[in-house]
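A.B. asks: Build the 3D model from these lines:
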Amino acid sequence: MKAEQGPFLLLNTKKIVSRLHEWFPDAARELVVVTTRADIPAADISAYARRFLHLEVVPSLWELSDDELLALARRFGVRRILSLGEREVLRAARMRAELGLPGQSLASATAYRDKHVMKSTLAAAGIDVAPMRKFRTTDDLAEFAWKFGFPVVVKELDSGASNGTVVLMDEEDLRALPERATAAPRLAEAWVEGDFYHVNGLMKDGEVVLAVPSRNLYSDWFSVAYDAPTMTGMMPDDHPLSERLRSTARQVVAALPAVPDLCAFHLELFHTADDRVVVCEIACRAGAALVSDVHEAVLGVNFHGASLLGQAGRGDQVEIRPTGERLGFVWFPPARGVLRALPDTCPLPGTVSYRPCGDVGRRYGSTPGLGRPIAEMVFRLTEPDTGAELRRIEEWWDDNVVWEHRTNAVPDRWKTPRRKPADA
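C.D. replies: I've put the predicted structure just below:
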């Protein structure tokens, strides 16, 4: 198949600018890049600009209006719109519709971004999701809570990484929730009790072509609410749950409006005590933190690069070269308190890399969403019980990091393998 010629307009927030020439060797003639600072050193912006047909570096992509981006696309006669971030999915789809360009449709983008549309579609296809209701007033929310009981998980319809998610444990929490009747509707979900999993991979034209299940100790909500570590590890192929998770991924992708060509996906699920696999949500993008890094090390393919080539109509250029290894990673977030001791190294077997980056003696406070870690780690997995390996890493961390005047921590009742609320 002859590679489609650009130019392409890329809306970017990821640290992949330095790698774009790996995937687009002719970037100087075919890539119009609008990006946040990402991985471009301040002193090198002018040098980077010569590598592309056009480069604009902005503090935020939302500094530019849709009309300004459309004008830029028309100015260079772009033939495709490319994006990688969660917030850009709908924007890119709207631009494609306005310009009559190929790529992910607005209906598909909406199904992958609007949690109510997503889960309604999945439920109609017979896929297990938590009971839910879209609401505007606390009266509507109270009615839902009385029907399904507490805890209740409240989410923004289009949020990511648990930003804006609130878990109401009882009626007191419900009464304390601010009334936002004039704001956009939110989503109420029944509590899901179970172990948390990811499936990361690639899909093409509505079918899964690669799916890698991973075990997580905590959903993102725990990292936001209690500064729990973001930790995940790939599961063995022969684990009894692995094929069920891959099968669920195939069902989910088949049920939603297809994303054309090759695209990364990130699926979140729960496995309950009564042996149900319940879908939390799915995104048509690569997972955050070090998800792309560890999967590239194991599979020889970068999920960001694969998604960009797929959006450019060049998905056939992507090669998967698995090594057979299993890797995982941890982001250790700052707690709310004064950091008094931070391990310099990690002696645990299987450690591939460990990088401390926190400031001992600094007082850390609350940060919106998932902030930067004070240490990060990549590790190799060899045992059949991935959860047990993750718990050993968490125990080592808890024994060696020291906080003074810490004001929050994961309660002991949440440190069991069960009983976790649905993630955002």
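A.B. asks: For burial, what's the neighbour tally of residue 351?
C.D. replies: 15 (other C-beta atoms under 10 Å). (Glycine included, C-beta is placed from N, CA and C.)
A.B. asks: The one 5 residues further on too?
C.D. replies: When neighbours are defined as other C-beta under 10 Å, residue 356 has 18 of them.
A.B. asks: same thing with residue 291?
C.D. replies: Using other C-beta under 10 Å, the number of residues around residue 291 comes to 20.
A.B. asks: How is this protein divided into domains?
C.D. replies: 8-102, 131-190, 194-414 (automatic domain parsing).
A.B. asks: and stretch 307-320, C-alpha only, in PDB?
C.D. replies: Output in PDB follows, covering the C-alpha atoms of stretch 307-320 (Å, rounded to 0.1, in the frame of the first residue of the first chain):
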ATOM      1  CA  SER A 307      -1.900   5.700  16.800                       C
ATOM      2  CA  LEU A 308      -0.400   8.600  14.800                       C
ATOM      3  CA  LEU A 309       0.400   6.300  11.900                       C
ATOM      4  CA  GLY A 310      -3.100   4.800  12.000                       C
ATOM      5  CA  GLN A 311      -4.700   8.300  12.000                       C
ATOM      6  CA  ALA A 312      -2.400   9.100   9.000                       C
ATOM      7  CA  GLY A 313      -3.700   6.100   7.100                       C
ATOM      8  CA  ARG A 314      -0.400   4.300   7.500                       C
ATOM      9  CA  GLY A 315      -1.200   1.700  10.100                       C
ATOM     10  CA  ASP A 316       0.300  -1.000   7.900                       C
ATOM     11  CA  GLN A 317       3.700   0.400   8.700                       C
ATOM     12  CA  VAL A 318       3.500  -0.600  12.400                       C
ATOM     13  CA  GLU A 319       5.300  -3.800  13.400                       C
ATOM     14  CA  ILE A 320       4.900  -5.700  16.700                       C
END
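A.B. asks: count of neighbours near residue 166?
C.D. replies: By other C-beta under 10 Å, neighbour count at residue 166 equals 19.
A.B. asks: To clarify, my last question referred to residue 192.
C.D. replies: Applying other C-beta under 10 Å, we find 25 other residues in the vicinity of residue 192.
A.B. asks: How is it assigned, secondary-structure-wise?
C.D. replies: Following DSSP: H, G, I helix; E, B strand; the rest coil, residue 192 is assigned to coil.
A.B. asks: Please report the distance of it from residue 390.
C.D. replies: Distance from residue 192 to residue 390, counting by C-beta to C-beta, to the nearest Å: 20 Å.
A.B. asks: Not counting its neighbours along the chain, what's nearest residue 364?
C.D. replies: Of all residues not flanking residue 364 in the chain, residue 334 sits nearest, at 3.8 Å (C-beta to C-beta, 6 or more residues apart in numbering).
A.B. asks: Is that neighbour located within a helix, as I assumed?
C.D. replies: No: counting by three-state DSSP, residue 334 is not part of a helix but coil.
A.B. asks: what about residue 233, helix or strand, and which?
C.D. replies: If you go by DSSP states H and E, residue 233 is part of strand 230-234.
A.B. asks: re the thing from before, thought residue 374 was touching the residue nearest to residue 364, still the case?
C.D. replies: Yes: here residue 334 reaches residue 374: they are 4.9 Å apart, a contact under C-beta atoms under 8 Å.
A.B. asks: in this protein, which helix or strand is least confident?
C.D. replies: Least confident helix or strand, the chain: helix 220-226 with a mean of 80, by mean pLDDT, DSSP states H and E.
A.B. asks: Please point out which parts of it sit buried.
C.D. replies: 220, 221, 222, 223, 224, 225, 226 (16 or more other C-beta atoms under 10 Å).
A.B. asks: Pairing partners for the helix or strand where residue 378 lies, with directions?
C.D. replies: In this structure, residue 378 is located in strand 375-380 according to DSSP H and E. With DSSP bridges as the test, strand 375-380 is paired with strand 327-332 (antiparallel), strand 351-356 (antiparallel).
A.B. asks: can the ones you listed go into JSON lines with extra columns for distance to residue 89?
C.D. replies: Formatted as JSON lines, those follow (distance: least, C-beta to C-beta, whole Å):
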{"stretch": "strand 327-332", "distance to residue 89": "23"}
{"stretch": "strand 351-356", "distance to residue 89": "31"}
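A.B. asks: mean confidence for stretch 56-73?
C.D. replies: Stretch 56-73 shows a mean pLDDT of 94.
A.B. asks: Which residues does that stretch contact?
C.D. replies: By C-beta atoms under 8 Å, 6 or more residues apart in numbering, the residues outside stretch 56-73 that reach it are 9, 11-13, 32-37, 40, 45, 54, 81, 85, 87-88, 91, 94-95, 98-99.
A.B. asks: Go again with 6 Å.
C.D. replies: Here stretch 56-73 makes contact (C-beta atoms under 6 Å, 6 or more residues apart in numbering) with 9, 11, 34, 35, 45.
A.B. asks: got it, and stretch 376-392?
C.D. replies: The contact list for stretch 376-392, computed with C-beta under 6 Å, 6+ apart, reads 215, 217, 231, 233, 235-236, 326, 328-331, 350-355.
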